[in-house]
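Asker: Sequence first, then the predicted structure, then my questions.
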Amino acid sequence: MLPGLFTIQPIVIVAWSLSYEMAFYLVLPPLVAALRLRRWPAGLRVAAMLGAVGLMLATDWAHGRMAMFAAGMLLVETMPALVALARRGPWLDLAAGAAVLLCGTLLLAGPGGQVSFLGLFLAGFLLPAAAFAGTGPVARGLAWRPLRWLGNMSYSYYLSHGLALEVTFRALRLAGAGAGVTGLGEAAWWVLLVPAFLATLAGSVVLFLAVERPLSILPAGAARRSMPVSGMAAAE
């Protein structure tokens, strides 16, 4: 859980995010208490968060990806305004769709660095905003049961999908099928897309059911008791 913040060779490459999460949850509560952030006006907290993100980008901080935490915090702070915006028309859905397209373009063919990060930050804010504050196509689409099922175990999927792919490709080579797939050239990507995805799902389900769900997710009754009234209404 230390690679990412520290220059340590990771066992699982994508586990760098675990060190970021651990640092975030250790540092932020004392910071909130020391600065008495709960007493600040919401607008001032929003300005402070945006200023912190801007500072991370301007200084090209090595751990600038930490700024993505601010997208979630900004979502909470601006939720009343977002709900009001969603009631006035499809503007939130349109903004979310544009942000996702921009993000995809920048990540696939863009310049990288801070510009690509800004695209990711906008999409990371606006897509959940349209999902949680709105009732339009984005919210309805993301409430589709298969997507909710995948979303519930998305962190298990994130952590284990690389290992599942490695096992899949090694098994193909051991079975002698790897040479045949290689001979297909670029078409091999399409041939293996579905079976490889199913293999990653299988590995993720095991991790989710054996570790994540029993150890880190509250039972439904306890979750409802701990949820604010506004959150319960949104969930219903």
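Answerer: Perfect, I can see it now.
Asker: which stretches of this structure form strands?
Answerer: Counting by DSSP state E, the chain forms no strands at all.
Asker: So, low pLDDT: which residues of it?
Answerer: Residues of the chain that meet the criterion pLDDT under 70 lie in 176-183, 217-236.
Asker: Identify the residue nearest the geometric centre of this structure.
Answerer: Gly124 (7.3 Å; C-alpha atoms, centre = their mean).
Asker: from memory it sits against Met68, does it?
Answerer: Yes. Here Gly124 reaches Met68: they are 5.9 Å apart, a contact under C-beta atoms under 8 Å. Bear in mind the C-beta positions are built from the backbone N, C-alpha and C, glycine included.
Asker: quick revisit: from Trp40, how far out is the residue nearest to the centre of the chain?
Answerer: 23 Å (C-beta to C-beta, to the nearest Å).
Asker: Tyr157 contacts Ala199, correct?
Answerer: No. In this structure Tyr157 lies outside contact range of Ala199 using C-beta under 8 Å: 11.7 Å.
Asker: neighbours of Ala130, just the number please.
Answerer: For Ala130, the neighbour count with other C-beta atoms under 10 Å is 29.
Asker: now the helices for this protein?
Answerer: Under the criterion DSSP state H, helices of the chain are mapped to 16-35, 42-58, 68-87, 91-109, 113-133, 137-142, 145-152, 154-174, 177-182, 187-207, 213-216, 220-226, 229-235.
Asker: Need the winner for burial among the ones you listed.
Answerer: Among those, helix 113-133 has the highest mean neighbour count (mean count of other C-beta atoms under 10 Å), at a mean of 20.
Asker: returning to what we had before: now the residue nearest to the centre of the chain, nearest residue through space, not along the chain?
Answerer: The spatial neighbour of Gly124 that comes closest, neighbours along the chain excluded (C-beta to C-beta, 6 or more residues apart in numbering), is Ala71 at 4.3 Å.
Asker: Please name the residues that touch that neighbour.
Answerer: Phe121, Gly124, Phe125, Pro128 (C-beta atoms under 8 Å, 6 or more residues apart in numbering).
Asker: Could you rerun that using 10 Å?
Answerer: Contacts for Ala71 (C-beta atoms under 10 Å, 6 or more residues apart in numbering) come out as Met49, Val53, Leu120, Phe121, Leu122, Ala123, Gly124, Phe125, Leu126, Leu127, Pro128, Ala129.
Asker: Ok, Ala196 next?
Answerer: Taking C-beta under 10 Å, 6+ apart, one finds His161, Ala164, Leu165, Thr168, Phe169, Leu172, Trp189 in contact with Ala196.
Asker: And Ser216, how far from Leu28?
Answerer: Taking C-beta to C-beta, one finds Ser216 at 18 Å from Leu28.
Asker: Nice, that's everything, thank you.
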